[in-house]
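Q: Could you look at this predicted model? Sequence included:
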Amino acid sequence: MKLSRIALVALTAVFAAGAFGAPSHAEDTKMVGGAAMYPSKNIIQNAVNSKDHTTLVAAVKAAGLVDTLSGKGPFTVFAPTNEAFAKLPAGTVETLLKPENKAKLTKILTCHVVAANAMSGTIKKMIKEDGGAHKVKTVGGCILTVKNSGGKITITDEKGQTAHVTIADVKQSNGVIHVIDTVLLPG
């Protein structure tokens, strides 16, 4: 069967788009906020699709951290959900998103980021090796304490608040996201 030049070009484009354009369905995806998170995409490319992380994405944009979290990494991001942000006192998020509070917002957000690719198995191993609690220094200089509570990872911030990892090991091209239920705050 002989294909016309136009048909051949169209067929080539279809195969190229399938192979290189959209993420493969064979990827080990996890669903977060109603969207598939693709390991071939970076933290920002995935986070913008999660309906549960619209507040976090807005905060990352306001803080000017999009380029950083789109970068090479590796990063481990403890990603608070919209519900986690809603637990903060009324007006807190709106205040933090104002340009004059960029430094404070950046500090809070970078207290959710570790300069490593730490999957939950690795974190649990470190917790066990440290006798039940492991200290983690974040990019923002905060010291978090991670523990294993009934097989689930918890993270305690410098103010003594504890967040629970609700979805672990969401692989990214530049690290990993662990979804959490509480915003972590610096001391």
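A: Nice, thanks for sending it over.

Q: that's a strand at Val146, yeah?
A: Yes. Counting by DSSP: H, G, I helix; E, B strand; the rest coil, Val146 falls inside a strand.

Q: separation between it and Thr156?
A: Val146 is 8 Å from Thr156, where distance means C-beta to C-beta, to the nearest Å. C-beta: built from backbone N, CA, C; applies to glycine.

Q: Compare these two (neighbour count), which wins?
A: Taking neighbours as other C-beta atoms under 10 Å, Val146 and Thr156 compare with Val146 leading, 24 against 17.

Q: Which pLDDT value belongs to that one?
A: Listed pLDDT for Val146 reads 98.

Q: Please, where are all the strands along this structure?
A: For the chain, the strands defined by DSSP state E cover 30-32, 35-37, 75-80, 113-114, 134-137, 143-149, 152-156, 162-172, 175-180.

Q: burial measure for Thr110, as a count.
A: By the criterion of other C-beta under 10 Å, Thr110 has 19 neighbours.

Q: OK, contacts around it?
A: 65, 138-142 (C-beta atoms under 8 Å, 6 or more residues apart in numbering).

Q: Which positions in stretch 149-158 come out as buried?
A: 153-158 (16 or more other C-beta atoms under 10 Å).

Q: Fine by me, thanks again.
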